[in-house]
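Novice: got a sequence here, can you build the structure:
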Amino acid sequence: MSFHIIPGNLRTFSENKHYKKLWGSAISSAPYLLRKFINFFSFKHSGVERLIQKCSENARIIDFGAGSCSFSKYLASRRNFTVIAVDWSYTALKNAHLNFPNARILPVCADLHYLPFKKNAFSAFITIDTFGHLYNQEMAFDCLLNTLQPGACGFFHSECADYRKRWPDSMLLRRIGHDIPAESDGHISLFPGAAILRALKCRFTVLSSFSPAGYLGWLTGYPEKYTEAFARAGDKPMYRLTSLMAHMKNHLIGKLLLRIINYSTNRIELFLNLQGGGSFFADVIKPVEEKRINKTSIDIIIPTYRREEQLNILIGHLLPQCKDHDTIIIISQDLSLTLKHSSRHIHVLHNFPPNLPDARNRGALSGNGDIILFLDDDTIPCDALLEKHRTAYLDKTINCIAGSIADTQFPTTEQPSFFDIHTGKLIQNFTFPDISFSISFMGAHFSLRRSVFAETGLFDTSFTGSAHWEDIDYSFRLQKKGYRIYYNPEIRVTHLSTTRGGCRSVTQSAFCFNYFTNSAYFSLKYAPVRYYSSWFTYWKYRIEFETRTHQATTFPKHSIYLLSASFLGIAAAAVRFICKGKRVGLPETVIHQCDPGHSNL
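Specialist: As a prediction, the model looks like this:
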């Protein structure tokens, strides 16, 4: 990266801004519903909230460029986090210490290019409104990365330069020759969002990133900064308009109204995929370990929820099988987790609130192994399980393995897994005795190459609760990319199907809601149009069966509570698909297995 440095003492500039109280963000420990409202209208607030959900109790977090420490205070108030607030403005940190004397915040005055912390000191980080003020962003990135533990998560926000390509900024730059709004905030190194994303990807795994276009930001977001710019450019109509909006912003009601309009238009822009403005946001994770050369490494991903005993048994079986370059990545979805085993192979991440697909994504993205192996926390691996997976992938034509699963829920038949494209009925069998190709895998035991995971994409987090169909969805999407799923009965685990913990529903009503929510969402993604009627008939009978009271009567009776939960689930699925879903369609391998005479459904 190259840098355009504005002359002057940058540290004095920052000190003066904080001394005059011109810089600072307001964020409070608001009640739950109010916090949800605030988060919707603020990408910064919602980003910090997402980070909080991923951090464990008593996490140590660095606020990189803390300024007035408003976000540090918010973090310190949640789950007993300890926050190290770093900034080079002594005035800002001193004021923050006086304002928040009892918060778990340690203010540290330091140059962000030379942090005074040891390696792997922090388990998470936030940086907001910071990198645009740094004279060497690459150096600051490396310094921050060095202080983070493997698997550390972070929320990144920075100013970016994409807005300069559009009116009115492009016109103002031509007339004036420099960027008045940027200079007023001390932004000395603004880069396009694509350049920032490249810098992040060189160091982190980027979970998500976006940059709202901000077409109205100059008018509804920061009109006071553009008033001077239009005055210097000699544009009187625009000067009067921005002056009016700036005056309106000085009043509480006007400020609130403009903020709602600004954030609402940003949301609409993102919905329409209009990106490239003045702010760049990203959720990131530091990879768990460096890539080993010339060795086939395996990342074992184990999402867990309230199953400590079974998890510790599983780890006890896996550790003796691990090679030097293998990693066991545990994604805890509970606030407390006690492990009986201690090993450099084990890395624990946290994911709140519980969501199985999200936990899979978090674990897979944090690793660097050549092979990603997913196991349920209540499985028992066979001897040499890891070596059998490793050996299978020596065949370059194998890209995904559906492992054998000894489970009482599977029929003892010799029919392989089967999906009926006419109705949406699925029969899974992972006790099938022969090596073959499969149309699916089960989330309790499967593996794939990291390159295949990167091409297929993330697990769909819209499968919630019991997460029925999330593994089938991923296996179908993988086959849509042209890959086959290899089944080998010798690569085996025993599935205990523990009733306590996990993502199983606690009540029958919760089961009906989750099951039919996920089933309807899956159907909207994959049901062939020509078979809509038969799919509807099949799932109508499924609702009828699942909602029966099972009383000994001539005609079956149905529970109004279970029926209500089922229909609410279907309605929720429709809303979810409209807001977040995407039509996929069945893969050819599934279609041909069921009906060789049809294709392109």
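
Novice: would you list the phi and psi of the spatially most central residue of the chain?
Specialist: Of all residues in the chain, the one closest to the mean position by CA atoms, centre = their mean is Leu207, 5.3 Å from it. With angles defined as degrees, to the nearest 10, Leu207 sits at phi -80, psi -40.

Novice: tell me if Gln53 really is in a strand.
Specialist: No. Per DSSP: H, G, I helix; E, B strand; the rest coil, Gln53 lies outside any strand segment and is helix.

Novice: model confidence score at it, please.
Specialist: On pLDDT, Gln53 comes in at 81.

Novice: measure it to Leu335 for me?
Specialist: 11 Å (CB to CB, to the nearest Å). The way it works is simple: take the backbone N, C-alpha and C, and place the C-beta from them, glycine included.

Novice: find the residues that touch each one of these two.
Specialist: Phe352 (CB atoms under 8 Å, 6 or more residues apart in numbering).

Novice: which residues touch the strand or helix carrying Val86?
Specialist: Secondary structure from DSSP states H and E places Val86 in strand 82-87. Under the contact criterion CB under 8 Å, 6+ apart, strand 82-87 has outside partners 58-67, 69, 72, 75-76, 93, 96, 103-110, 112, 115, 117, 122.

Novice: in helices, which of those residues fall?
Specialist: Among those, the members found in helices (DSSP state H) are Ser72, Leu75, Ala76, Leu93, Ala96.

Novice: wait, isn't the second one in contact with Ile62?
Specialist: No. Because the distance of 10.2 Å does not satisfy CB atoms under 8 Å, Leu75 is recorded as not touching Ile62.

Novice: okay, now the closest residue in space to Thr547 that isn't next to it in sequence: neighbour count?
Specialist: Nearest residue to Thr547, sequence neighbours excluded (CB to CB, 6 or more residues apart in numbering): Leu562, at 3.9 Å. Counted with other CB atoms under 10 Å, the neighbours of Leu562 add up to 20.

Novice: do Val575 as well
Specialist: As a measure of burial, Val575 has 12 neighbours, counting by other CB under 10 Å.

Novice: check whether it sits in a helix, strand or coil.
Specialist: Classified using three-state DSSP, Val575 is helix.

Novice: need the pLDDT of the closest residue to Leu386 other than its chain neighbours.
Specialist: With sequence-adjacent residues excluded and distances taken as CB to CB, 6+ apart, Leu386 is closest to Gln321, at 4.4 Å. Each residue has a pLDDT score; the one for Gln321 is 95.

Novice: other SSEs contacting the strand or helix carrying Glu544?
Specialist: If you go by DSSP H and E, Glu544 is part of helix 532-546. Judged by 3 or more CB pairs under 8 Å, 6 or more residues apart in numbering; DSSP states H and E, helix 532-546 is in contact with helix 508-526, helix 560-580.

Novice: what residues sit buried inside it?
Specialist: Using 16 or more other CB atoms under 10 Å as the test for burial, helix 532-546 gives Ser534, Trp535, Tyr538, Trp539, Arg542, Ile543, Glu546.

Novice: low pLDDT regions in the stretch 301-450 of the chain?
Specialist: For the stretch 301-450 of the chain, the stretches flagged by pLDDT under 70 are 409-413.

Novice: which non-adjacent residue is nearest Arg104?
Specialist: Ala76 (4.3 Å).

Novice: just the strands in the stretch 351-500 of the chain please.
Specialist: For the stretch 351-500 of the chain, applying DSSP state E, counting those that start in this stretch gives strands covering 371-375, 379-381, 400-406, 418-419, 426-427, 436-438, 445-449, 485-495.

Novice: against which helices or strands is the first one packed?
Specialist: Read it as strand 371-375. Short answer (3+ CB pairs under 8 Å, 6+ apart): strand 371-375 packs on strand 298-304, helix 385-392, strand 445-449, helix 450-456.

Novice: of Gln53 and Leu335, who's got more company?
Specialist: Taking neighbours as other CB under 10 Å, Gln53 and Leu335 compare with Gln53 leading, 15 against 10.

Novice: does that one touch Phe352 like I think?
Specialist: Yes. Using CB under 8 Å, Gln53 is in contact with Phe352, at 4.2 Å.

Novice: separation between Asp395 and Pro416?
Specialist: Taken as CB to CB, the span from Asp395 to Pro416 is 20 Å.

Novice: between these two, which one's more packed in?
Specialist: Per other CB under 10 Å, whichever of Asp395 and Pro416 has more neighbours is Pro416, with 19 against 9.

Novice: want to throw the ones in helices among the contacts of strand 82-87 into a markdown table with neighbour count?
Specialist: What follows is these, written out as a markdown table (neighbours: other CB atoms under 10 Å):
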| residue | neighbour count |
| --- | --- |
| Ser72 | 30 |
| Leu75 | 27 |
| Ala76 | 23 |
| Leu93 | 25 |
| Ala96 | 25 |
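
Novice: give me the lowest-pLDDT entry from the residues you listed.
Specialist: Ala96 (73).

Novice: could you find the closest non-adjacent residue to it?
Specialist: Nearest residue to Ala96, sequence neighbours excluded (CB to CB, 6+ apart): Cys69, at 3.5 Å.

Novice: where does pLDDT dip in the stretch 101-250 of the chain?
Specialist: Short version for the stretch 101-250 of the chain, where the test is pLDDT under 70: 101-103.

Novice: now do the helices in it.
Specialist: For the stretch 101-250 of the chain, helices defined by DSSP state H, counting those that start in this stretch occupy the ranges 137-147, 169-176, 180-184, 193-201, 223-233, 236-249.

Novice: deepest-packed of the ones you listed, please.
Specialist: Highest mean neighbour count among those (mean count of other CB atoms under 10 Å): helix 223-233, with a mean of 20.

Novice: only alpha carbons, please: show it as PDB.
Specialist: Provided in PDB are the C-alpha atoms of helix 223-233 (Å, rounded to 0.1, in the frame of the first residue of the first chain):
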ATOM      1  CA  PRO A 223     -23.900  17.100   6.200                       C
ATOM      2  CA  GLU A 224     -21.700  19.300   8.500                       C
ATOM      3  CA  LYS A 225     -18.500  18.000   6.900                       C
ATOM      4  CA  TYR A 226     -19.800  18.800   3.400                       C
ATOM      5  CA  THR A 227     -21.000  22.300   4.200                       C
ATOM      6  CA  GLU A 228     -17.400  23.600   4.100                       C
ATOM      7  CA  ALA A 229     -16.600  21.500   1.000                       C
ATOM      8  CA  PHE A 230     -19.500  22.900  -1.000                       C
ATOM      9  CA  ALA A 231     -18.600  26.500   0.200                       C
ATOM     10  CA  ARG A 232     -15.100  26.100  -1.100                       C
ATOM     11  CA  ALA A 233     -16.300  24.600  -4.300                       C
END
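
Novice: so what touches that helix?
Specialist: So helix 223-233 is in contact with 168, 171-172, 175-176, 180-181, 184-185, 218-219, 236, 238-239, 242-243, 245-246, 249, going by CB under 8 Å, 6+ apart.

Novice: test my guess that Lys165 contacts Gly278.
Specialist: No. Counting by CB under 8 Å, Lys165 does not reach Gly278; the two are 11.0 Å apart.

Novice: quick one, which of those two is more surrounded?
Specialist: Gly278 (25 against 12).

Novice: how close does the more buried one sit to Phe71?
Specialist: Distance from Gly278 to Phe71, by CB to CB: 19 Å.

Novice: one more: Tyr561?
Specialist: 43 Å.

Novice: now swap in Lys396 and tell me
Specialist: Applying CB to CB to Lys396 and Phe71 gives a distance of 48 Å.

Novice: swap in His389?
Specialist: Look at His389 and Phe71: by CB to CB, they are 43 Å apart.

Novice: who has more neighbours, these two?
Specialist: Phe71 (27 against 23).

Novice: would you confirm that the more buried one contacts Asp129?
Specialist: No. If you go by CB under 8 Å, Phe71 and Asp129 don't touch, sitting 9.7 Å apart.

Novice: residue boundaries of the strands in the stretch 1-150 of the chain?
Specialist: Under DSSP E, counting those that start in this stretch, the stretch 1-150 of the chain gives strands at 60-64, 82-87, 105-109, 122-127, 148-159.
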